[in-house]
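[1] I need the structure of the sequence given here:
(chains A and B)
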2 protein chains.
Amino acid sequence: MNGAETLVKTLLASEVDVCFANPGTSEMHFVAALDSHPDMRCILCLFEGGASGAADGYFRMTGRVAATLLHLAPGFGNAFANLHNARKAQSGVVNVMGEHATYHLRHEAPLKGDTAGISRTISHWTRTSGDAASVARDGAEAIRAARGKNGQIATLILPANTAWEEAVAPEVAGAPAALQRPGLAQVQAAAQALRLPGAALLVDGMVLHGPLGEIALQIAKATGCRLLAPALAARIRRGAGAVPFERLAYVVEENVAVLAGISTLVLCGTQEPTSFFAYPNKPSLPAPPDCRILPLGSIEDDTGWTLQALAEAVGVSALAPEDLVALDLPQVATGAMSLEKIGQSFAALLPDEAIVVDEAITSSRHFIAASARARGHDWLAVTGGSIGYGLPAAVGAAVACPSRKVVCLEGDGSGMYTLQSLWTMAREGLDVVVVVISNRGYQILRGELANVGVTDVGRNAVRMFDVVEPSLDWVALAKGHGVEGVRVTDTDQFNAAFAEGLARKGPYLIEVIC
Amino acid sequence: MNGAETLVKTLLASEVDVCFANPGTSEMHFVAALDSHPDMRCILCLFEGGASGAADGYFRMTGRVAATLLHLAPGFGNAFANLHNARKAQSGVVNVMGEHATYHLRHEAPLKGDTAGISRTISHWTRTSGDAASVARDGAEAIRAARGKNGQIATLILPANTAWEEAVAPEVAGAPAALQRPGLAQVQAAAQALRLPGAALLVDGMVLHGPLGEIALQIAKATGCRLLAPALAARIRRGAGAVPFERLAYVVEENVAVLAGISTLVLCGTQEPTSFFAYPNKPSLPAPPDCRILPLGSIEDDTGWTLQALAEAVGVSALAPEDLVALDLPQVATGAMSLEKIGQSFAALLPDEAIVVDEAITSSRHFIAASARARGHDWLAVTGGSIGYGLPAAVGAAVACPSRKVVCLEGDGSGMYTLQSLWTMAREGLDVVVVVISNRGYQILRGELANVGVTDVGRNAVRMFDVVEPSLDWVALAKGHGVEGVRVTDTDQFNAAFAEGLARKGPYLIEVIC
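    As a prediction, the model looks like this:
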């Protein structure tokens, strides 16, 4: 058994059985080992960012770690942007990155690069296996690291000879280290603080989509505090039956308005609200300057234990059905195109247990607003702000939940970063409806340019913001990747196309011209 | 004048007047500054790898540094793979990477990342501007660094507030540091060694496409040595009138065969031949074990001076016309499809002064072999081995040389990494004929798997090597990006399509089904 075989067996023995792969030459022995282990589901991505984004989406929907298979340094570079989003989403991922044979590294081969260096700029855990005998243990520790602190990026660098040389046996990943918990005095102090006027509880992570959300709501009811969630959540439960979180906002002024009046803010499994960017004369921290912040643990800590302890300290009682979001479906809209109407139709038609992967950027708010009381669904946002996350994360979510419908809301600008994921949807027959909001440009940048005070936009800026001359043809792009699609220019066409996409099995793309 | 404006003025004053851009929010003041300077040609790329690859192609054809505009950390990650190729091509590039305002960096904003860390893993020079007053000087030093050592990667990180705060004045980049030269005794020793039986001179860099090539040939003639060039050259002159370099090979065994019998190898502006990868029981260094290596300077050194000094030490005489490659055009092929025939037609039709950007990987050899005596042309290879270089480099080459025809030979697997560059070709009306060799998979990986001894290929490997189910439709992909294209299935169709593409102004794509 060679090193690569011990690694594949270690992954499988540790219940890592999905590998989003974009292999290169230096990974051939690992590929051969995968080939002799059909229990490992290998999913080919035609670009490494598709693999890392899929692993992120997969973790968000399962809480399970997937592997990625990436080519040495430049291949990891291509995966970097979606590893950034995964890191900010607290998604656990095990990257297996190829590397030259250890004895070849002293020479300047064309593909030699700083594999460990680039990994360390984004991974929580990086290790280069030194010899074949170490590969299984290193792999097991990578998995353990990826499962640590609620989810981390772990990268195992596999020199080619450690893959092909003889090794001993696979290992099984040990349980991750125990999560940190606050002291009981801290919990008591937070419980008291939440009863004060102007108190709020901000939560994140698994609280937003699991049973912990209802405990948070019980705490809010018992104390009278507001219950807040971040603007960009890795995964949040919405629609009928969901916990009615108040959401923070992306735009600084709107976030300041949401947080206005809060005098005590308890953070449970999250950090202090932070502006996405700094702007001249706008605050980096949008909470009121005199707001008292009580951190009760970060997103890396034991939020489950903490919320339970807080609930006990507060003394909570059971929720009534009316405490949760009630179903209230809008009518399907008709007539001329507007994003508001498309959002309304989307909300009316969204099926029960849909997974919405949202990278529609400036267009998102129409879909979010309309679907607040739609059928129960999960909503996945671009947590790290790095565009190109949507289509890959939709792949991962669809692999994770084959019985649920995935709806991917894309911008035409942002979708272009990782459009290759369309092919993986076709290859794997993934049940994804991709809705591309085609506003023919980077609309957010127009807004941001205005934010910095430029009102008179000239040729250089227009040519960097507008994706026209030529316009993209997303139906043709989909066809090129083997995905059927349709272009819609009014609301009725959208309704028909969306219904069609929802009714099908397999991927379908709708280009919304607006 | 704010910091961003001083940077744009510094770039222009230092004769950097092309910017391949994929901006994000943190770069808005720099965008505003670009907008008020129409002398700067801003070229939008819909993915950052398109920008870095274009800057590489631009440098290869002009020797001039272009700027890229990249979004903070994840945006730079997307540019990484083609910066790797640029680095291995010795191309000078100035990256301007956005960054959060300095005072915002203490908070954990979603897009916060290790900007300097990721830059240092690929850039020769990295600096984060500390304040607006430093931006112009930092920009000038970045340009100087990019021009140093025959071409380097320089990355200036521009915190948003250093862009928007008041600054003083632009600067002009100083001349780069003098290049290193070997001692005269070394030159004399090399001159003597080249006269020995079994001697060879290996050159690279600018020797392969400029007047220095003829000096190298004079040295070879005078001493009787062999004259070698690397397998993957950043730019090499080929066809009628070119210097007849003997080429090293990619495949280890072939490279060993090329180098067999060499007992003395003088390196001028290059390094010892190195195998692309290590394989079990194959050499990392393909030169004969008893071959004496005489390094006369690396690719970073003053190769022009060194070759001149070597020529003087040897005592050379003028070349005769028959020393250079004579025109010998093959006939246009006809009939059923084969890569050999397509290569023959390509060579027959390739126009004078064409620029061939080659990323056809396993298919390249047919085009290379057939075109050895075609009309004079330049050939650009994927120096760093990181695929996704072809379409972006073709953009850069076409921007660099608007009066020359660019032919981009692409693999269907490799083209997918940066297909967004097709849109930039359409937007800028670039004169590029893209020939996609559609063999429906990563052919090189099949060969590499055989290289490591696997002959019985199973489902996991097949599904990671073959890009079928579905096949890509490159004509539709081109249409989606605004580029017209055609699919050809026999040689006559190829001949007509290639002639059509060459006759047009603007981009055209030919999908060769083989």
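[2] show me where the stretch 401-514 of chain A has strands.
    Along the stretch 401-514 of chain A, counting by DSSP state E, counting those that start in this stretch, strands occupy A:406-411, A:432-438, A:485-488, A:508-513.
[3] can you put those strands in JSON lines and add mean pLDDT, distance to B:Gly396 and mean neighbour count?
    From N, CA and C alone the C-beta is placed, and that goes for glycine too. Below are the strands of the stretch 401-514 of chain A laid out as JSON lines (pLDDT from 0 to 100; distance: least, Cβ to Cβ, whole Å; neighbours: other Cβ atoms under 10 Å in any protein chain shown):
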{"stretch": "strand A:406-411", "mean pLDDT": "97", "distance to B:Gly396": "27", "mean neighbour count": "28"}
{"stretch": "strand A:432-438", "mean pLDDT": "97", "distance to B:Gly396": "28", "mean neighbour count": "27"}
{"stretch": "strand A:485-488", "mean pLDDT": "98", "distance to B:Gly396": "31", "mean neighbour count": "20"}
{"stretch": "strand A:508-513", "mean pLDDT": "98", "distance to B:Gly396": "30", "mean neighbour count": "25"}
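[4] how about a markdown table for the ones you listed, with distance to chain B added?
    Output for these, formatted as a markdown table (distance: least, Cβ to the nearest Cβ, whole Å):
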| stretch | distance to chain B |
| --- | --- |
| strand A:406-411 | 12 |
| strand A:432-438 | 11 |
| strand A:485-488 | 10 |
| strand A:508-513 | 10 |
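[5] so which of these is nearest B:Asn451?
    strand A:432-438 (36.7 Å; Cβ to Cβ).
[6] list the contacts of the closest one.
    For strand A:432-438, the external contacting residues (Cβ atoms under 8 Å, 6 or more residues apart in numbering or on different chains) are A:339, A:342, A:346, A:360, A:363, A:391, A:394-395, A:398, A:405-412, A:415, A:422, A:425, A:471-472, A:474, A:478, A:483, A:485, A:498, A:501-502, A:507-514.
[7] near chain B, which residues of the stretch 201-350 of chain A show up?
    Neighbours of chain B within the stretch 201-350 of chain A, by Cβ under 8 Å from any Cβ of the partner chain: A:Leu232, A:Gln271, A:Glu272, A:Thr274, A:Ser275, A:Phe276, A:Phe277, A:Ala278, A:Tyr279, A:Pro280, A:Ser284, A:Leu285.
[8] change it to 6 Å
    Neighbours of chain B within the stretch 201-350 of chain A, by Cβ under 6 Å from any Cβ of the partner chain: A:Gln271, A:Thr274, A:Phe276, A:Phe277, A:Ala278, A:Pro280, A:Ser284.
[9] now list the buried members of those.
    The neighbour count (16 or more other Cβ atoms under 10 Å in any protein chain shown) marks A:Thr274, A:Phe276, A:Phe277, A:Ala278, A:Ser284 as buried among those.
[10] check contacts around the last one.
    By Cβ atoms under 6 Å, 6 or more residues apart in numbering or on different chains, A:Ser284 lies in contact with A:Ser275, A:Ala278, B:His104, B:His107.
[11] let's see 10 Å
    A:252, A:274-275, A:277-278, B:100-101, B:103-107, B:109 (Cβ atoms under 10 Å, 6 or more residues apart in numbering or on different chains).
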